[in-house]
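Colleague: I would like to see how this sequence folds:
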Amino acid sequence: MQVESDKALAAKQSDFRRLMYYFAVVYIAEGLAQVNNGVISLPLTYFLEDLGWNSASISSYLSVLGLPWVVKPLYGLLSDCVPLFGYRRKSYLLLVNFLAVVAYAWLALTAAPGLMLPAMLIITIAMAASSTLCGALVVEHGRDSGNASRLCGQQALWASLARISAGFLGGLVCYLFVSPAAALHVAALISLTAPLFVVLTTGRLVSEEKTAANLQQLKRGLHGIWLAVSDRSLWGVALFLALWAFNPGFGAPLNLHMKNDLHFSKAFAGVLAGVFAGGSALGAFVYMRFLASRFTVKQLAAALIVLGAASQASFIFMQTEPVALGLQFLFGATTAMAMLNAHVIAASRCPANAEGFMYAMLISASNMSFFASQAVGGYLYEYVFQKKIDGLLLISAAITLCCLVILPFFKFESRGTTR
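Modeller: Have a look, this model is predicted:
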């Protein structure tokens, strides 16, 4: 019996190690391949600006890409209740990343905004679905074992390191290619390699037992969802995540402010993106190594709200390149710690049999709020604040501080363990 127990433990540890490796692969891919902050983000913004589009037009055009992130719960519901070729996660991960490869190949062959948008929607759907599926794996493997913070930290760390590369690559591509269309196409080809690597590694690194689609499994999944949506504390978590993510001063308005008012070069914009990602990587490491084991997620949330609001407001002092580097690094660190803490909250509150759906529901609250804030921010920057960024930055900080009001009223702790 002891030998069998030891073998079972060794098998679980081996599966967990492979999962950690897989999370490194899949979140590097997501960091490189996302449309809104991957390799293609900066070339895309400059391409659209070269067509004569203003901040409001760019924000409105890209805001449609928020929809696939808003409907993340549908991907979770589908994978929770309807296995594909016998697997709830693995087969879907292969499918959506293959679709991303095809869509990036499409994007590399066109320069018409009307034709680009469907390709970018497919890419965004693939990235959102892949993120949802990995979120379900986090809940399944981390909730009861107490490894949720390690798995969430692995996500944040490698996604941040990927964004360092994405920022530098995006800036470098814009610098090397004078034609914005050429820069866009080269960035698309670079981005294509990321989901391709996920396709090549999923079968080897993801261990999952086969399961057949049946009515009983569907009933269990729907019952788990009903229990989740009936839990008031989960809606409190969703509201908290939505408020935290509503940052109208960041995104396209801040990028255009740095380009048009501060006269930062395209190459330096890429450096800033890399510095932000470097701060994010440090923040993820600090959270995993020092904070997660010493404080509850609720205590960390309160501290990070104040720190996050302060870092947002401090951007009004950004006038020179050295100051910009420091602010971006600080903002990256605080944002990573806060979002990592939020993901641990979400993972620890999800019920059994509805892991994919409920985790995606909570994270979708954050995504929907972020994309809405980008559309609102673009309009306010262009037409209300007359292309002045300070008011938007202070609004972002004030909204973040509003998160403090929610903390006393909702249970943010885990159903089991938070660590």
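Colleague: quick one: M339 from Y22, how far?
Modeller: Distance of M339 to Y22, given as CB to CB, to the nearest Å: 21 Å. Glycine gets a C-beta too; all of them are placed from N, C-alpha and C.
Colleague: again with Y381
Modeller: 40 Å.
Colleague: ditto for L362
Modeller: For L362, the distance to Y22 - CB to CB - is 22 Å.
Colleague: neighbour count winner among these two?
Modeller: L362 (27 against 21; other CB atoms under 10 Å).
Colleague: what helix or strand is the more buried one on?
Modeller: Per DSSP states H and E: L362 is located in helix 355-379.
Colleague: next one: that helix to chain centre, how far?
Modeller: 10 Å (CA atoms, centre = their mean, to the nearest Å).
Colleague: so which elements touch the helix or strand following that helix?
Modeller: Downstream of helix 355-379, the next assigned helix or strand under DSSP H and E is helix 390-401. Applying 3 or more CB pairs under 8 Å, 6 or more residues apart in numbering; DSSP states H and E, one finds that helix 390-401 makes contact with helix 232-245, helix 297-313.
Colleague: show me what counts as buried in the shortest one.
Modeller: By neighbour count on 16 or more other CB atoms under 10 Å, the buried set for helix 232-245 is L234, W235, G236, V237, A238, L239, F240, L241, A242, L243, W244, A245.
Colleague: that helix vs helix 390-401, what angle?
Modeller: Helix 232-245 and helix 390-401 are oriented at 160 degrees to each other (axes from the mean of the first three to the mean of the last three CA atoms, to 10 degrees).
Colleague: read off the pLDDT value for M358.
Modeller: As predicted, M358 sits at a pLDDT of 73.
Colleague: just the one 5 residues further on next, same as before
Modeller: Looking at I363, its pLDDT reads 73.
Colleague: so where's the stretch 151-300 of the chain shaky on pLDDT?
Modeller: Applying pLDDT under 70 to the stretch 151-300 of the chain picks out residues 213-218, 220-221, 224, 228, 231-233, 270.
Colleague: show me the helices in it, by range?
Modeller: Ranges of helices in the stretch 151-300 of the chain, per DSSP state H, counting those that start in this stretch, are 180-205, 215-229, 232-245, 252-256, 266-286, 297-313.
Colleague: can you put those helices in TSV and add distance to Q328?
Modeller: Output for the helices of the stretch 151-300 of the chain, formatted as TSV (distance: least, CB to CB, whole Å):
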stretch	distance to Q328
helix 180-205	21
helix 215-229	37
helix 232-245	18
helix 252-256	10
helix 266-286	5
helix 297-313	10
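Colleague: for S57, which of these is the nearest?
Modeller: helix 252-256 (9.7 Å; CB to CB).
Colleague: packing partners of that closest one?
Modeller: Helix 252-256 sits against helix 55-63, helix 355-379, with contacts defined as 3+ CB pairs under 8 Å, 6+ apart.
Colleague: just name the most buried of those helices.
Modeller: The highest average neighbour count among those, using mean count of other CB atoms under 10 Å, belongs to helix 355-379 at a mean of 24.
Colleague: and that helix, what other elements does it pack with?
Modeller: For helix 355-379, the elements it packs on are helix 55-63, helix 67-70, helix 72-81, helix 113-142, helix 215-229, helix 232-245, helix 252-256, helix 321-349, judged by 3+ CB pairs under 8 Å, 6+ apart.
Colleague: of these, which approaches S191 most closely?
Modeller: helix 113-142 (8.1 Å).
Colleague: what's the average pLDDT for that closest one?
Modeller: For helix 113-142, the mean pLDDT works out to 88.
Colleague: buried sites along it?
Modeller: Neighbour counts over helix 113-142 (16+ other CB under 10 Å) mark 116, 119-142 as buried.
Colleague: what does stretch 170-190 give?
Modeller: Neighbour-count burial for stretch 170-190 [16+ other CB under 10 Å]: 170-174, 177, 180, 183-188, 190.
Colleague: how far does it sit from its chain's centre?
Modeller: So, by CA atoms, centre = their mean, the centroid of stretch 170-190 is 23 Å from its chain's centroid.
Colleague: CA atoms of it as PDB?
Modeller: The C-alpha coordinates for stretch 170-190 follow below in PDB (Å, rounded to 0.1, in the frame of the first residue of the first chain):
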ATOM      1  CA  GLY A 170       7.500  45.800 -31.000                       C
ATOM      2  CA  GLY A 171       9.600  49.000 -30.600                       C
ATOM      3  CA  LEU A 172      12.500  47.400 -32.600                       C
ATOM      4  CA  VAL A 173      10.200  46.500 -35.500                       C
ATOM      5  CA  CYS A 174       8.800  50.000 -35.600                       C
ATOM      6  CA  TYR A 175      12.300  51.400 -35.600                       C
ATOM      7  CA  LEU A 176      13.700  49.100 -38.300                       C
ATOM      8  CA  PHE A 177      10.800  49.300 -40.700                       C
ATOM      9  CA  VAL A 178       9.900  52.800 -42.000                       C
ATOM     10  CA  SER A 179       6.700  51.600 -43.500                       C
ATOM     11  CA  PRO A 180       4.000  51.100 -40.700                       C
ATOM     12  CA  ALA A 181       2.400  48.400 -42.900                       C
ATOM     13  CA  ALA A 182       5.700  46.500 -43.200                       C
ATOM     14  CA  ALA A 183       6.300  46.800 -39.400                       C
ATOM     15  CA  LEU A 184       2.800  45.400 -38.800                       C
ATOM     16  CA  HIS A 185       3.300  42.400 -41.100                       C
ATOM     17  CA  VAL A 186       6.700  41.500 -39.600                       C
ATOM     18  CA  ALA A 187       5.200  41.800 -36.100                       C
ATOM     19  CA  ALA A 188       2.400  39.400 -37.100                       C
ATOM     20  CA  LEU A 189       4.900  36.800 -38.400                       C
ATOM     21  CA  ILE A 190       6.900  37.000 -35.100                       C
END
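Colleague: list the contacts of that stretch.
Modeller: By CB atoms under 8 Å, 6 or more residues apart in numbering, the residues outside stretch 170-190 that reach it are 32, 38-44, 46-47, 49-50, 104-105, 107-109, 111, 169, 265-271, 273-274.
Colleague: what do you get if the cut-off is 6 Å, keeping everything else the same?
Modeller: Residues outside stretch 170-190 that contact it (CB atoms under 6 Å, 6 or more residues apart in numbering) are 39-43, 46-47, 50, 104, 107-108, 111, 266-267, 269-270.
Colleague: for L196, state which of the residues you listed is nearest.
Modeller: Y104 (8.9 Å).
Colleague: what's the helix or strand that closest one falls within in contact with?
Modeller: Element membership for Y104, per DSSP H and E: helix 90-107. For helix 90-107, contacts defined as CB under 6 Å, 6+ apart pick out 79, 84-85, 119, 122-123, 126, 129-130, 133, 188, 191-192, 195-196, 198-199, 202, 206, 208.
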